[in-house]
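K.L.:
I would like to see how this sequence folds:
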Amino acid sequence: MSNISTLWVFGYGSLCWHPGFEYGDQAKGHITGFARKFWQGNTEHRGTKDKPGRVATLVQEQNAITHGMAFQLKGEKALQYLEQRECKLGGYISLVTMFHPRDCDRESFPVLLYIATESNEHWMGPAQDHDIAEQVVNCSGRAGHNVEYVLRLAEWIRKEIPETQDAHLFQIESHIRLKITERKLCLQALMGEKKANILEAESESNATTSGASGDSFAFSKCVCRNKLRCLKL
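P.N.:
Predicted coordinates for the structure are as follows:
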């Protein structure tokens, strides 16, 4: 692990679609002996201390297979970033296991894992999939809504490694989508897309009205009529 150029990390949660650090090579694939479970609480990125969200961790399970993405760390800053994100904020511990690339022409190699254990202060443990989904729908943190975390992970897995059979993840995703439909919630807002669209509209409006007399209603013209309903979440 002292040779950073050969150190790889395995992403099985948000690292898959948002690594957040500089990396060299990358590879899709899987590890064995661990199952992805939404048994870890989160009070920083996808929840708060009063309403902790649910995020993924790995639980040792014989014959289990977990698909994800391996990243080759590039420089000391990448490792420092992960230590801050996973250990200091998330309370995860690190260990090493073997990674098996999806590309059969590549040999297996060791990867660094960050996982939560029962000794973690944010550990929540097992629950029914529909109960986990209920918690997810009602939680958000400074990185965004908990719904975004689960749905983007499910979408990434389904698109990038379509052969994956992850009943736990996909069942939770199904329950979440059903609750969103039943409660007529704004999916765009939950996924962070509404905010991005509003900011883009504001930027375009500012550019259009630059140099002209101020129009206090310029921004409101760019916002759809159901904005307040979405932001209520």
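
K.L.:
This protein: helices as residue ranges?
P.N.:
76-82, 129-137, 146-160, 167-182, 187-190, 193-209, 227-231 (DSSP state H).

K.L.:
would you list those in JSON lines and tack on mean neighbour count?
P.N.:
In short, each C-beta sits where N, CA and C put it, glycine included. Below are the helices of the chain laid out as JSON lines (neighbours: other Cβ atoms under 10 Å):
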{"stretch": "helix 76-82", "mean neighbour count": "15"}
{"stretch": "helix 129-137", "mean neighbour count": "20"}
{"stretch": "helix 146-160", "mean neighbour count": "21"}
{"stretch": "helix 167-182", "mean neighbour count": "16"}
{"stretch": "helix 187-190", "mean neighbour count": "19"}
{"stretch": "helix 193-209", "mean neighbour count": "13"}
{"stretch": "helix 227-231", "mean neighbour count": "13"}
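
K.L.:
mind checking which of those is nearest residue 16?
P.N.:
helix 146-160 (5.0 Å; Cβ to Cβ).

K.L.:
The closest one to helix 129-137, inter-axis angle?
P.N.:
Orientation note: helix 146-160 sits at an angle of 120 degrees relative to helix 129-137 (axes from the mean of the first three to the mean of the last three Cα atoms, to 10 degrees).

K.L.:
for the helices of the chain, which one sits closest to residue 113?
P.N.:
helix 76-82 (10.9 Å).

K.L.:
List the contacts of residue 7.
P.N.:
By Cβ atoms under 8 Å, 6 or more residues apart in numbering, residue 7 lies in contact with 1, 72-73, 79, 112.

K.L.:
if we can go back for a sec, for the helices of the chain, which has the smallest mean pLDDT value?
P.N.:
Among the helices of the chain, helix 227-231 has the lowest mean pLDDT, at a mean of 40.

K.L.:
Domains in the protein, by residue range?
P.N.:
Here the domain parsing of the chain from automatic domain parsing is 4-185, 190-231.

K.L.:
since we're on residue 35, how many residues are nearby?
P.N.:
18 (other Cβ atoms under 10 Å).

K.L.:
Switch the contacts of residue 7 over to a markdown table; also include distance to residue 49.
P.N.:
A markdown table is the format used below for the contacts of residue 7 (distance: Cβ to Cβ, whole Å):
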| residue | distance to residue 49 |
| --- | --- |
| 1 | 33 |
| 72 | 35 |
| 73 | 31 |
| 79 | 28 |
| 112 | 28 |
